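Student: I would like to see how this sequence folds:
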Amino acid sequence: MFELMVEDTFDAAHALRCYEGSCENLHGHTFKVQVFLKGNKLNKLGLLEDFRFIKKELAAVLDNYDHKLLNDIKPFTKINPTSENLAAELFRTLKKRFKSVFKVTVWESGVTNASFY
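Tutor: Purely as a prediction, here's the structure:
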């Protein structure tokens with residue numbers, strides 16, 4: 001079995017609705033996003049997926065969030081823009097582009113992250 005990981009970052013703001021604490025206030029993060037792919041069959045070049053293509057697609061997806069208020073972007077207009085919900089949304093979006101995606105991890109700081117499988 002082969003596993004690949006590609007990561008990128010974006011800057012965005014959010015406010016957690018109904019949260020009792022400072023995270024209810026508007027604040028921002030430099031989010032780090034890691035995308036994990038796995039599979040047991042390589043193509044004729046010996047690649048599971050082309051890193052350059054994965055990075056390009058990830059950057060295109062993250063561009064939709066970069067320097068934006070997450071609360072204003074669907075589905076976060078209705079659900080809280082938590083790291084957990086962001087990881088799930090990114091997973092669903094990237095899974096459409098890469099069938100071998102099996103996990104997305106969103107880091108909102110150097111010591112806290114959430115993953116969706």
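Student: At which residues are the strands of this structure located?
Tutor: In chain order, the chain shows strands spanning 2-14, 27-39, 68-69, 101-107, 113-116, with DSSP state E as the criterion.
Student: For residue 78, which of those is the nearest?
Tutor: In this view, the strands of the chain are compared for proximity to residue 78 by CB to CB, and strand 2-14 is the closest at 13.8 Å. C-beta coordinates here come from the backbone N, C-alpha and C atoms, glycine included.
Student: Could you give the separation of that closest one from the chain centroid?
Tutor: When distances are taken as CA atoms, centre = their mean, to the nearest Å, strand 2-14 is centred 5 Å away from the chain's centroid.
Student: neighbouring contacts of that strand?
Tutor: Judged by CB atoms under 8 Å, 6 or more residues apart in numbering, the contacts made with strand 2-14 from elsewhere in the structure are 26-40, 42, 48-49, 51, 54-55, 58-59, 62-63, 65-71, 76, 81, 100.
Student: mean confidence for that strand?
Tutor: Per-region confidence: strand 2-14 scores 98 on mean pLDDT.
Student: ok and it relative to strand 27-39, angle-wise?
Tutor: Taking axes from the mean of the first three to the mean of the last three CA atoms, to 10 degrees, one finds strand 2-14 and strand 27-39 inclined to each other by 160 degrees.
Student: Okay, now the sheet partners of strand 2-14, with direction.
Tutor: Counting by DSSP bridges, the strands paired with strand 2-14 are strand 27-39 (antiparallel), strand 68-69 (parallel).
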